[in-house]
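# starting from these lines, generate the structure:
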Amino acid sequence: MFALVDCNAFFASCEQVFRPDLKHQPVVVLSNNDGCVIARSATAKPLVAMQAPLPSLLPLIRQGKIHPFSANPVLYKDMSRRVIQTLQQFSAGVEQYSIDEAFLNLKGFDPTTLADYGQTIRHTVQRWTGIPVSVGIAPTKTLAKLAAQAAKGHPEHQGVFDLNHLPDPDAFLASQAVGQVWGIGPNLQAKLKAMAITTALQLKQANPAQIKQRFGLQGLRTALELAGTPCFPLQPIAAPVTMRIVSRSFGHPVTSLTEIKEAVATYTSRCAEKLRADGLVTGQLTVTLRTSYYTPDHQYAAARSAPLEPSTQDTGQLIHTALELATQAFTPGYDYLKAKVIATHLTPADQVQGSLLAPVVDRAKRDRLMATLDHLNRRLHPDAVKFAALGLNPTWTPRAEYFSQRYTTHWQELATVTPWRSPETPVTP
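Numbers count the residues shown, from 1 in each chain. Just a heads-up that it's a prediction; the model follows:
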C-alpha cells in the first residue's frame, strides 16, 4: 500500500508561509528571469494561466489583484526538506519523488484507518511546516498518483482520496484520461489514442502482450499497476547523481564575449560548489549557449565539451576549461539569452584515477583552498571570496524584481515578528 503526498501549489505556498497576510490572496511565482508563471495559488488560478508571460500580468499587478514573486529556489529546497522530514514521522519508507512530492510505504497498516491516517498526515505537515498537501492512497504508486490528483482537484475529498474505499474503482479509472496516468506523456498518449485507448481503465484492460510489444516493459508495468499489481517498488535511497547542471537566462540579451565569459565562470563556480557538497568530481565539462526561442529568424545554439584528466571539483581548473569552451562556442553577431554549464562523468572524490600525463598539482593544497573558499562563502555571504573571472559588477544577471527573502537559511533574512499592541494599551516609557 502506498500514499502519494503532493504539496499544493508548492512554490506559492512557500511564499505564503512567510507572508500570512497573503494566505488567501492570489499569489503567482515567476520562472527564472521573471519570465512566466510557474506556480499559482488556488485563488490565482481563475485569474492567471500557467506559463503566462510577466508583461500580461502587469495590469493585474498594478491593480493589486495578484501578488507576484520571483523564483526563490533556496527557500523552496529548504521547505521541501522540512516537509520530507515531517513525512518520515509517518512511515519507515519515504521516497522523495520531486521537490513537492513523496511516496510513503503503508504496508502493514490497517486498511480501514488509512483515510484517517492521511488526514493526520495533512494536518501535521500543515501545522509543522505551513505547507498544505493532498494525499492519495492506493495499492500501487501509479494508482496513488491518480488518487492524489483526485484529492487535490475535488474539495469534497477534503485533501485525502483513498482508492481502496471506492465501491467501483473501475468507474474512477474510466473518468481519468490516459494522459493523466503517471509516466504517460503527449507522445505516448497519441500512440495509445491510435489504439483506441483514451482512459486509464482502457489501458488497464488492454491486452498485456500487445502493450509490451508496442511500449516495452515500462508500458506493461504501468498497465499492471493500474490493475493493482505493484511493479514500481519504493526507492527511499536517492539515485546516484549522474550530472550537475547550472543554467540561467540573462537579464537582457548579451552580445559580448566578455559578458558571456563572466556568466559561464559564475555558473561554473556554482557547479563546482555543488560537486564539493556532494563529494563528487567531474570527468567532463560542457558549456552551451543559445539565443531566444522567440527570435526564429536569428537563432543560434552551440555546445562544446572537454574531458578532464584527472577528474576534478576544483573551481579554478573548471573555470579555466569552461572559459575555453565558451570561447569556442561563441559566434559574434547574435543576441545570447542563456548559458548552461554541465558536469558529467561524475565519480566519488575519493575514487579519482590519477594520470601520468597530467600536470603536477599539489592536490592537498588545492583541496584546502577550496574548503576555505566554501567555508568563507557560507559564513559570510555567497561570493564573499570569488575568482576574478566572475566579474565585479555583472550586468547580465537574471531579473528578479519580486524576490522574497531566504527566511530559513540566511541569518540576515530571518523573518521578524512585531508584537501586536492594542491601540488602547498605554506606552510604557
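# quick check: domain ranges of the protein?
2-163, 166-226, 244-390 (automatic domain parsing).
# need the ones you listed in CSV with mean neighbour count and mean pLDDT, can you?
No exception for glycine: its C-beta is placed from N, CA and C like everyone else's. Shown next, in CSV, are the domains of the chain (neighbours: other C-beta atoms under 10 Å; pLDDT from 0 to 100):
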stretch, mean neighbour count, mean pLDDT
domain 2-163, 19, 94
domain 166-226, 16, 93
domain 244-390, 16, 91
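# go through these and name the closest to residue 405.
domain 2-163 (7.3 Å; C-beta to C-beta).
# who's in contact with residue 396?
Counting by C-beta atoms under 8 Å, 6 or more residues apart in numbering, residue 396 touches 250-252, 254, 259, 262-263.
# strands of the stretch 151-300 of the chain, start to end?
Ranges of strands in the stretch 151-300 of the chain, per DSSP state E, counting those that start in this stretch, are 160-162, 244-254, 280-291.
# just give me how far the longest one sits from the chain centre.
It refers to strand 280-291. 20 Å (C-alpha atoms, centre = their mean, to the nearest Å).
# and stretch 391-409, by the same measure?
How far stretch 391-409 lies from its chain's middle: 18 Å, per C-alpha atoms, centre = their mean.
# look at it and report the distance between its end residues.
One end of stretch 391-409 sits 25 Å from the other (C-alpha to C-alpha, to the nearest Å).
# what comes up buried for it?
391, 396-400, 402, 404-408 (16 or more other C-beta atoms under 10 Å).
# parallel or antiparallel, list what pairs with the helix or strand where residue 306 lies.
Under the criterion of DSSP states H and E, residue 306 resides in strand 301-312. Counting by DSSP bridges, the strands paired with strand 301-312 are strand 280-291 (antiparallel).
# and the partner strand with strand 244-254, angle?
30 degrees (axes from the mean of the first three to the mean of the last three C-alpha atoms, to 10 degrees).
# so which of the domains of the chain is nearest residue 421?
With C-beta to C-beta as the criterion, residue 421 lies closest to domain 2-163 of the domains of the chain, at 17.8 Å.
# chain center to that closest one, what's the gap?
For domain 2-163, the distance to the chain centre is 13 Å (C-alpha atoms, centre = their mean).
# span of that domain from start to end?
Across domain 2-163, the terminal residues are separated by 11 Å (C-alpha to C-alpha).
# any idea how far the nearest residue to residue 158 once chain neighbours are set aside is from residue 92?
In space, and not counting its chain neighbours, residue 158 is closest to residue 119: 7.3 Å by C-beta to C-beta, 6 or more residues apart in numbering. Applying C-beta to C-beta, to the nearest Å, the value for residue 119 to residue 92 is 20 Å.
# over to residue 235?
Distance from residue 235 to residue 92, counting by C-beta to C-beta: 14 Å.
# can you check residue 2 too?
From residue 2 over to residue 92 the distance is 13 Å, taken as C-beta to C-beta.
# if we can go back for a sec, between the domains of the chain, which gets nearest to residue 416?
Nearest of the domains of the chain (C-beta to C-beta): domain 2-163, 10.4 Å.
# can you classify residue 399 as helix, strand or coil?
coil (DSSP: H, G, I helix; E, B strand; the rest coil).
# apologies, that question was intended for residue 103.
Residue 103 is classified as strand under three-state DSSP.
# so it bridges to which residues?
residue 4, residue 95.
# what does stretch 267-276 contact?
With contacts defined as C-beta under 8 Å, 6+ apart, stretch 267-276 is touched by 244-248, 281-282, 285, 313-315, 318-319, 322, 339-341, 343, 346, 349, 370, 374, 377, 386-387, 390.
# how about 6 Å then?
With contacts defined as C-beta atoms under 6 Å, 6 or more residues apart in numbering, stretch 267-276 is touched by 244, 246, 313, 315, 318-319, 322, 341, 343.
# which two among these are spaced furthest apart?
244 and 319, at 14.8 Å, using C-beta to C-beta across these.
# tell me, what residue is most central in this protein?
The chain has residue 99 as the residue nearest its centroid, 5.1 Å off, counting by C-alpha atoms, centre = their mean.
# does residue 86 touch residue 128 like I think?
Yes. Residue 86 is within contact range of residue 128, at 5.0 Å (criterion: C-beta atoms under 6 Å).
# if I've got this straight, the residue nearest to residue 158 is in a strand?
No. Checked against three-state DSSP, residue 119 lies outside a strand; its state is helix.
# circling back: export the strands of the stretch 151-300 of the chain to TSV and tack on distance to residue 420?
Below are the strands of the stretch 151-300 of the chain laid out as TSV (distance: least, C-beta to C-beta, whole Å):
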stretch	distance to residue 420
strand 160-162	35
strand 244-254	40
strand 280-291	49
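# between the ones you listed, which gets nearest to residue 225?
strand 160-162 (16.7 Å).
# quick one: strands adjacent to that closest one?
strand 133-138 (parallel).
# identify the residues contacting the strand it pairs with?
With C-beta under 6 Å, 6+ apart as the contact definition, strand 133-138 has outside contacts at 3-7, 114, 118, 121-122, 125, 144, 147-148, 151-152, 159-163.
# how about stretch 227-247?
93-95, 103, 105, 139-141, 204, 221, 224-225, 267, 270-271, 274, 278, 340-344.
# next one: stretch 146-160
So stretch 146-160 is contacted by 4, 6, 115, 118-119, 122, 134-138, 161, 163, 176 (C-beta under 6 Å, 6+ apart).
# that stretch spans what distance, first to last residue?
12 Å.
# and what of stretch 382-393?
Span of stretch 382-393 from end to end, C-alpha to C-alpha: 15 Å.
# how distant is that stretch from the center of its chain?
26 Å.
# so where do the helices sit in the stretch 301-429 of the chain?
Assigned by DSSP state H, counting those that start in this stretch, the stretch 301-429 of the chain shows helices spanning 315-329, 363-379.
# convert the C-alpha atoms of the shortest one to PDB, please.
What follows is the C-alpha trace of helix 315-329 in PDB, where atoms were taken according to Å, rounded to 0.1, in the frame of the first residue of the first chain:
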ATOM      1  CA  THR A 315      36.700  25.700  -9.200                       C
ATOM      2  CA  GLY A 316      39.900  27.200 -10.700                       C
ATOM      3  CA  GLN A 317      40.500  24.300 -13.000                       C
ATOM      4  CA  LEU A 318      36.900  24.100 -14.000                       C
ATOM      5  CA  ILE A 319      36.600  27.800 -14.800                       C
ATOM      6  CA  HIS A 320      39.800  27.600 -16.900                       C
ATOM      7  CA  THR A 321      38.200  24.800 -19.000                       C
ATOM      8  CA  ALA A 322      34.800  26.400 -19.100                       C
ATOM      9  CA  LEU A 323      36.100  29.700 -20.500                       C
ATOM     10  CA  GLU A 324      37.900  27.900 -23.300                       C
ATOM     11  CA  LEU A 325      34.700  26.100 -24.200                       C
ATOM     12  CA  ALA A 326      32.700  29.300 -24.100                       C
ATOM     13  CA  THR A 327      35.100  31.000 -26.400                       C
ATOM     14  CA  GLN A 328      34.800  28.100 -28.800                       C
ATOM     15  CA  ALA A 329      31.000  28.100 -28.700                       C
END
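# I am finished for the moment; much appreciated.
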